[in-house]
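Chemist: structure here, sequence nowhere to be found:
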C-alpha cells in the first residue's frame with residue numbers, strides 16, 4: 001500500500017521536475033515551477049520568457065514583448 005503521508009508517496013514515478021522538487025525539499029530549499037503557455041502573449045514573447053526562466057537574466061529582469069502591454073479589447 002502507498003504511504004500517502006510522505007510528500008512524494010512513489011518517488012520512482014517522478015519525472016525530471018518532480019525529482020528536482022523532491023531534491024530541493026530534501027535539502028530544505030525552495031523550488032520554483034514555471035508555467036509558461038506557448039504563444040502567450042505571442043511566440044517571441046513566450047520564447048523570451050522561457051529563456052529568462054531557464055537561463056536567468058543576470059538581474060536585469062524580464063521585459064515582456066510589446067503585445068503583452070497592449071490594452072485588452074472587448
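Modeler: Received the coordinates, thanks. These numbers were taken from a predicted model, which means no experiment stands behind them.
Chemist: hmm, who's touching stretch 20-37?
Modeler: Applying Cβ atoms under 8 Å, 6 or more residues apart in numbering, the contact partners of stretch 20-37 are 7, 8, 11, 14, 17, 46, 49, 50, 53. Yep, even glycine has a C-beta here, placed from its N, CA and C like the rest.
Chemist: where do the helices sit along this structure?
Modeler: With DSSP state H, the ranges of helices along the chain come out as 16-26, 43-55.
Chemist: what is the burial count for the closest residue to residue 11 other than its chain neighbours?
Modeler: Among residues not flanking residue 11 along the chain, residue 22 sits closest, at 6.2 Å (Cβ to Cβ, 6 or more residues apart in numbering). Neighbourhood size, residue 22 [other Cβ atoms under 10 Å]: 15.
Chemist: mind pulling up the pLDDT for residue 22?
Modeler: Note for residue 22: predicted pLDDT of 85.
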